[in-house]
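In: starting from these lines, generate the structure:
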Amino acid sequence: MKKSLIALALIGAFSGTAVAQSSVTLYGIVDIGVQMNTAGVNKGTTTPNYSQESVWGVNSGYQSGSRWGMRGSEALGGGWNAVFTLEGGYSPDTGTLGQGGRLFGRQAWAGVQSAGMGTFALGRFATPSSGTGSFDQWGFVDPFATGWGINSLGSTFIASNALREDNAVLWSSPTWAGFNFAAMYSFNIDGAEKSQSGNNIPAATLAAKWAWGPIAVAATYDLITKPDTAPATVDDQKMTQIGGTWDFKLAKLHAGYAIQRGISFIGQSGIPGGFVPTGVQAFDNDAYMIGATVPLMGGSLLGSYQYSNAKNVQGGTGAAAYAFEPDYSVWGIGYSYPFSRRTNMYVGYGQQSWDGAISLGGSKTDPVNQFNKKQFALGLRHLF
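Out: Numbering: from 1, shown residues only. Here you go, the predicted model:
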């Protein structure tokens with residue numbers, strides 16, 4: 001009897017140790033508020049019928065995309081841990097899932113991690129260049145942290161528009177003297193791999209960040225390889241981002257520059273309707289951003305200006321070849337005030353103005369080709 005009691009006590013002790021070395025955490029963000037959105041609308045008649053129309057409503061995810069997730073870790077011994085993250089987006093204004101209805105559309109990965117070797121993982125990731133996700137190297141460059149609606153750097157920097165890829169393997173280094181590095185490769189960026197490798201769209205990402213005192217800088221590179229079905233004239237899509245911040249205490253300055261070539265597989269979010277018109281195969285783009293974060297009355301005042309300059313449009317003939325030129329500027333301002341460590345109020349305003357054309361046919365100066373935007377938001381964000 002005594003031996004049985006001793007055995008049970010030992011089992012309980014070892015079980016307690018195992019539980020202490022393993023953990024799963026539920027976390028998330030609820031971001032909801034009131035928005036006003038004004039945008040140009042093409043009425044679709046044979047005679048250009050363009051107007052600016054506004055709509056007020058309750059919307060989700062202005063400052064940060066609303067999300068919920070689970071992350072876990074278990075000690076494996078020798079300084080190694082098994083780790084995972086499952087994270088999905090949702091809209092509290094409608095109760096629907098984000099990312100096209102995926103349960104864990106924001107990220108879903110598992111791997112191993114150690115203090116000396118970093119993290120090795122497999123799954124669906126937000127790329128290290130995307131401004132979001134567990135392995136982001138870039139978001140700090142944007143005063144709006146790639147959120148705040150059209151104020152986001154993702155309006156002109158394509159990789160910064162929450163770029164996510166399936167079927168990927170990733171390594172993220174530890175931080176060495178303020179420097180860390182990440183590399184990622186996807187066998188097919190969207191959906192299961194196809195039986196013929198040439199029908200997939202593979203991609204690679206490299207990203208590095210270095211922080212020293214008041215200065216932080218980052219550089220990222222994304223290569224999205226064209227499938228065999230792409231037109232012969234279309235090249236692989238290449239996106240380079242360089243940026244950083246300088247904290248003067250009274251204000252933090254932000255700046256970034258993007259070189260984006262062969263835009264065809266991942267579109268530019270500032271273009272209404274999602275992407276390029278029929279007939280355009282690809283185009284190049286350079287973009288830049290300058291901004292600032294200023295502490296003010298217990299909160300933070302944020303502002304930025306961006307410009308997107310398109311060129312080398314492929315596809316179309318004659319006048320049509322020049323009727324698509326997505327050149328536009330975006331400026332925005334916002335204020336965030338924390339009520340507590342996990343809850344804050346925000347107010348923001350942004351405006352996108354076109355000086356290029358965004359549809360085939362007609363003149364660049366035709367009003368039907370000018371889709372300006374204005375956006376105002378007032379809301380609440382809670383982290384749990």
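In: mind listing what Ser129 touches?
Out: By CB atoms under 8 Å, 6 or more residues apart in numbering, the contact set of Ser129 is Gln137, Trp138, Ala159, Ser160, Leu163, Thr205, Ala207, Thr220, Tyr221, Asp222, Met239, Gln241. C-beta coordinates here come from the backbone N, C-alpha and C atoms, glycine included.
In: so which of these is the closest to Gly291?
Out: Set against Gly291, the nearest of these by CB to CB is Ser160 (12.8 Å).
In: need the pLDDT of the residue positioned nearest the centre of the chain.
Out: In the chain, the residue lying closest to the centroid (CA atoms, centre = their mean) is Ala162, at 1.7 Å. Model confidence at Ala162, given as pLDDT, is 93.
In: coming back round to it: just the ones of the contacts of Ser129 in strands?
Out: Thr205, Ala207, Thr220, Tyr221, Asp222, Met239, Gln241 (DSSP state E).
In: now that we have these, which one has the most neighbours?
Out: Thr220 (29 neighbours; other CB atoms under 10 Å).
In: bridging residues for that residue?
Out: Note on Thr220: beta-bridge partners by DSSP bridges are Ala207, Gln241.
In: wait, it sits on Gln241?
Out: Yes. Assessed by CB atoms under 8 Å, Thr220 is found in contact with Gln241 at 4.6 Å.
In: which residues do these two both contact?
Out: Ser129, Trp138, Ala159.
In: give me the nearest residue to the first one, chain neighbours excluded.
Out: The shortest distance from Ser129 to any non-neighbouring residue, by CB to CB, 6 or more residues apart in numbering, is to Thr220 (3.5 Å).
In: for Pro231, give me its contacts.
Out: Residues in contact with Pro231 (CB under 8 Å, 6+ apart) are Gln281.
In: distance check, Gly213 against Phe248.
Out: 11 Å (CB to CB, to the nearest Å).
In: make that Met239, sorry
Out: Separation of Met239 from Phe248 (CB to CB): 30 Å.
In: same check on Tyr185?
Out: Counting by CB to CB - Tyr185 and Phe248 are separated by 39 Å.
In: got it, and Ser129?
Out: From Ser129 over to Phe248 the distance is 27 Å, taken as CB to CB.
In: Gly118 now?
Out: Per CB to CB, Gly118 is found 32 Å from Phe248.
In: neighbour count winner among these two?
Out: Legend: neighbour count by other CB under 10 Å for Gly118 and Phe248, higher for Gly118 (21 against 10).
In: find the nearest non-adjacent residue to that one, please.
Out: Ser173 (4.4 Å).
In: do I have it right that the one you found meets Lys209?
Out: No. When contacts are counted by CB under 8 Å, Ser173 is not listed as touching Lys209 (10.2 Å).
In: and the residue lying closest to Arg102 once chain neighbours are set aside, what helix or strand is that in?
Out: Closest residue to Arg102 apart from its sequence neighbours, by CB to CB, 6+ apart: Gly88 at 6.7 Å. Secondary-structure assignment from DSSP states H and E places Gly88 in strand 80-91.
In: likewise Val217?
Out: Assigned by DSSP H and E, Val217 falls within strand 215-224.
In: run through who's touching that strand.
Out: Identification of contacts with strand 215-224 by CB under 8 Å, 6+ apart yields 127-129, 137-138, 140-141, 159, 163, 189, 201-211, 236-247, 265-266.
In: cool, stretch 72-83 as well?
Out: Under CB under 8 Å, 6+ apart, the answer for stretch 72-83 is 21-25, 71, 84-85, 110-116, 119, 121.
In: and that stretch, what's buried?
Out: Ser73, Asn81, Val83 (16 or more other CB atoms under 10 Å).
In: just checking: what are the partner strands of the longest strand along the chain?
Out: Taking DSSP E as the criterion, the chain has its longest strand at strand 22-42. Looking at strand 22-42 with DSSP bridges, its partner strands are strand 50-60 (antiparallel), strand 67-77 (antiparallel), strand 373-383 (antiparallel).
In: between the ones you listed, which gets nearest to Ser152?
Out: Across these, Ser152 has its closest neighbour in strand 373-383 (10.7 Å, CB to CB).
In: good, wrapping up.
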